[in-house]
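Participant: would you be able to build a 3D model of this:
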Amino acid sequence: MQEREVVQRNLALQRQWYGEPLGDRVRRLVVAYRTSQAQLAEVLGISAPMLSQVMSGRRAKIGNPSVLARLVMLERKVFTPGVAAGESEAVRQALEDVRDSRPALGRDSMPVRQVGNSEEVVRPALRQIAQPHELEWAADLLDSYHPALAGLLRRAASGETRAEDSRSA
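Facilitator: Got it, this is the predicted structure:
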């Protein structure tokens, strides 16, 4: 099999296993944490060449589950208020916390895709990164072009749930 075919096969496997190519996920983290790929590899506990191979599709998977757990931890910490605001101390602390972590994994401890009502996850995350008046302001801006998104922002601002949320509880 030629290298190009191997890369395409590996990227397809990454989409299947991880929801999208790992290169896309890692690049977002490099931008969000304003760090280099090599520094990110060190935080994850993987060599820089290995991370490069996974990102490019020359390797299909991250073989060490702790490395994958740290990747997910970094993805989740992007939504903490200080990191989301780009505060250098918060970013440094998040990277340090993840680097020093020793995640224990079980079969069901790290779902790749969110199960259930994703709005239940999004509303609290929005409330963590913006004040209610800021969410209302953003909703007003989006209302004429994206009314569903504006509604989500308003529900997050008020703390209310949608009718179907309360019925399913």
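
Participant: which element is Ser144 on?
Facilitator: For Ser144, there is no enclosing helix or strand under DSSP states H and E.

Participant: and the gap between it and Gly151?
Facilitator: As for Ser144, its distance to Gly151 is 13 Å (criterion: CB to CB, to the nearest Å). Using the backbone N, CA and C atoms, a C-beta is placed for each residue, glycine as well.

Participant: name all residues that make contact with the nearest residue to Ala32 once chain neighbours are set aside.
Facilitator: Using CB to CB, 6 or more residues apart in numbering and skipping residues adjacent in sequence, the residue nearest Ala32 is Val78, 4.8 Å away. Going by CB atoms under 8 Å, 6 or more residues apart in numbering, Val78 touches 28-29, 32-33, 84.

Participant: any chance of these in TSV, plus distance to Lys61 and neighbour count?
Facilitator: Converted to TSV, the contacts of Val78 look like this (distance: CB to CB, whole Å; neighbours: other CB atoms under 10 Å):
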residue	distance to Lys61	neighbour count
Arg28	19	14
Leu29	17	19
Ala32	23	18
Tyr33	23	21
Ala84	29	17
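
Participant: about what we covered before: may I have the phi/psi pair for the residue nearest to Ala32?
Facilitator: Torsion angles at Val78 (phi, psi; degrees, to the nearest 10) stand at phi -60, psi -30.

Participant: circling back: and Ser144 and Gly151? which has more neighbours close in?
Facilitator: Counted by other CB atoms under 10 Å, Ser144 and Gly151 do not tie: Gly151 has more neighbours, with 14 against 8.

Participant: surely that one is in contact with Glu136?
Facilitator: No. Between Gly151 and Glu136 there is no contact under CB atoms under 8 Å: 11.7 Å.

Participant: please identify the helix or strand for the nearest residue to Pro132 once chain neighbours are set aside.
Facilitator: Spatial nearest neighbour of Pro132, chain neighbours left out: Ala157 (4.1 Å); criterion: CB to CB, 6+ apart. Per DSSP H and E, Ala157 falls inside helix 147-158.

Participant: now Arg58. Nearest residue, chain neighbours left out?
Facilitator: Once flanking residues are discounted, Arg58 sits nearest to Val7: 6.2 Å by CB to CB, 6+ apart.

Participant: can you pull the contacts of the residue sitting nearest the centre point of the chain?
Facilitator: Centrality entry for the chain: nearest residue to the mean C-alpha point is Glu75, 3.2 Å, by CA atoms, centre = their mean. Counting by CB under 8 Å, 6+ apart, Glu75 touches 25, 28-29.
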